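**Q** Turn this into a structure:
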Amino acid sequence: MDAAEDAGAGPDIGKLLSTFAQYGVVGLIVVLLIIGVIVPKYVMNTLTAEKDNWRTAFEAERAAHQITREQLIAAQASVDTANEQGRAMVQLLEKLGHRTQTTGSV
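**A** Predicted coordinates:
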């Protein structure tokens, strides 16, 4: 054994590659499969389907957030309208001679 293997560093990659390289094209294909450069068709189909599922979920989430933003804008407009109506009411009451009363704060 090598000193690197004795130290727990793992196998020598060069040795592994040369072992597979002696088998020519078949060895090259096995090495590419092991390191993940080449993947089987069923794996690629599974990954593609998973990607499509994530894309669909992302688009649905984006649409839901857009609806939420639109509702928040509508709610803010409603609050602004209520504030304006309140100010107009206060001004009208002051013109009619009513004094505004303030509540004591703690």
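**Q** Just to check, residue 29 is in contact with residue 38?
**A** Yes - the pair residue 29 and residue 38 passes the contact test of C-beta atoms under 8 Å, sitting 6.7 Å apart. Glycine gets a C-beta too; all of them are placed from N, C-alpha and C.
**Q** Where does the prediction get shaky in this protein?
**A** 1-10, 20-21, 100, 102-106 (pLDDT under 70).
**Q** make it 50
**A** Where the chain drops to pLDDT under 50, the residues are 1, 4.
**Q** for it, what spans make up the strands?
**A** Secondary structure of the chain by DSSP state E: no strands are present.
**Q** Tell me where it has helices.
**A** With DSSP state H applied, the chain shows helices at 3-6, 13-21, 25-35, 41-95, listed in chain order.
**Q** Need those in CSV (columns: distance to residue 101 and mean neighbour count).
**A** As requested, the helices of the chain are exported to CSV (distance: least, C-beta to C-beta, whole Å; neighbours: other C-beta atoms under 10 Å):
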stretch, distance to residue 101, mean neighbour count
helix 3-6, 86, 9
helix 13-21, 84, 11
helix 25-35, 79, 12
helix 41-95, 11, 10
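**Q** Roughly how far does the residue nearest the centre of the chain sit from residue 33?
**A** Nearest to the geometric centre of the chain sits residue 58, at 7.7 Å (C-alpha atoms, centre = their mean). If you measure residue 58 against residue 33 using C-beta to C-beta, to the nearest Å, the figure is 31 Å.
**Q** before we move on, what about residue 56?
**A** 30 Å.
**Q** Since that was my last question, I'll sign off now.
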